[in-house]
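K.L.:
The sequence isn't on hand, but the structure is:
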């Protein structure tokens, strides 16, 4: 009996490597923010709210590109943990604005410091120029995935 030969090389697969890197980033970040009482999904939401306090759940879903149900669960945990409060939307009775509590505002500096530590750990072997290039390439890959139509290669390939 012969074993089928695979032509897929995960060590050269951009998607596989990006996913693996993202999981490692999330694990390392979680290790550093767990003592603050935060989870990675909460940190992502806080990053948006620290810059734009008072967003709606829908706006957070769009900005973070997550499922509505996932965001609803994250916000429920954040409310339970005293990080946010929901307030009535001034012009849409169905919507609520998400506002930070003083506790959440106080976590900004230590949580962002933890994220910088993880970035430094991951990129520490790169020069400043290589880090800038790497970030630029990641942004281009994200743009390609966000803008490319299903089944079509993005323009310029």
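P.N.:
That came in fine, so what should we check first? Keep in mind that what you see is a predicted model, and the values were worked out from it rather than measured.

K.L.:
all helices of this structure, in order?
P.N.:
Taking DSSP state H as the test, the helices found in the chain are 14-33, 40-51, 57-64, 68-80, 102-123, 128-147.

K.L.:
In terms of secondary structure, what does the shortest one contact?
P.N.:
Contacts of helix 57-64 with other secondary structure elements, assessed using 3 or more CB pairs under 8 Å, 6 or more residues apart in numbering; DSSP states H and E, are made with helix 40-51, helix 68-80, strand 96-100. Bear in mind the C-beta positions are built from the backbone N, C-alpha and C, glycine included.

K.L.:
Can I get these in TSV including mean neighbour count, distance to residue 86 and mean pLDDT?
P.N.:
Formatted as TSV, the helices and strands packed on helix 57-64 follow (neighbours: other CB atoms under 10 Å; distance: least, CB to CB, whole Å; pLDDT from 0 to 100):
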stretch	mean neighbour count	distance to residue 86	mean pLDDT
helix 40-51	18	12	96
helix 68-80	15	7	96
strand 96-100	18	4	95
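
K.L.:
Export these to JSON lines and append columns for distance to residue 109.
P.N.:
JSON lines is the format used below for these (distance: least, CB to CB, whole Å):
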{"stretch": "helix 40-51", "distance to residue 109": "10"}
{"stretch": "helix 68-80", "distance to residue 109": "18"}
{"stretch": "strand 96-100", "distance to residue 109": "14"}
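
K.L.:
give the contact list for the residue nearest the centre of the chain.
P.N.:
The structure's the chain has its C-alpha centroid closest to residue 44; by CA atoms, centre = their mean the separation is 4.9 Å. With contact taken as CB atoms under 8 Å, 6 or more residues apart in numbering, residue 44 is in contact with residue 64.

K.L.:
any weak-confidence spans in this protein?
P.N.:
Across the chain, the ranges flagged by pLDDT under 70 are 1-6, 149-157.

K.L.:
out of the helices and strands packed on helix 57-64, nearest to residue 32?
P.N.:
helix 40-51 (9.9 Å; CB to CB).
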